[in-house]
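1. Just the structure for this:
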Amino acid sequence: MVGAVRTLSGQKIAMHGKDVCLEGVSITYPNGFTAVKPTDLTIGAGAFFSILGPSGCGKTTILRAV
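-> Here you go, the predicted model:
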């Protein structure tokens, strides 16, 4: 995917990259504990994003899967 972004000075910068797409990702540890239930996540190329949630909900675990 190719796009363009304008900086604060109005300058155009070409962006190249690919989307990150997770479909049905689940993470279960050897002891049987399911840390992340099946999850879908799509992040567009060049997008700024955040994953929000309470402590222990699997935010870091999902990022490590990428």
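2. Can you show me the helices along this structure?
-> Here the chain has its helices, by DSSP state H, at 59-65.
3. What are the boundaries of the strands in it?
-> Assigned by DSSP state E, the chain shows strands spanning 2-6, 12-16, 20-28, 34-43.
4. What angle do strand 34-43 and the third one make with each other?
-> By that I understand strand 20-28. Calculated by axes from the mean of the first three to the mean of the last three C-alpha atoms, to 10 degrees, strand 20-28 forms an angle of 180 degrees with strand 34-43.
5. Could you dump the strands of the chain into CSV and include distance to Lys59, mean neighbour count and mean pLDDT?
-> Where you see a C-beta, it was placed from the backbone N, CA and C, and this is true even at glycine. Below are those laid out as CSV (distance: least, C-beta to C-beta, whole Å; neighbours: other C-beta atoms under 10 Å; pLDDT from 0 to 100):
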stretch, distance to Lys59, mean neighbour count, mean pLDDT
strand 2-6, 26, 10, 59
strand 12-16, 26, 10, 67
strand 20-28, 12, 12, 93
strand 34-43, 9, 13, 93
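6. TSV for the ones you listed, including distance to Phe49?
-> Output for the strands of the chain, formatted as TSV (distance: least, C-beta to C-beta, whole Å):
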stretch	distance to Phe49
strand 2-6	15
strand 12-16	15
strand 20-28	9
strand 34-43	5
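7. Ok, which of these comes nearest Ser55?
-> strand 34-43 (13.1 Å; C-beta to C-beta).
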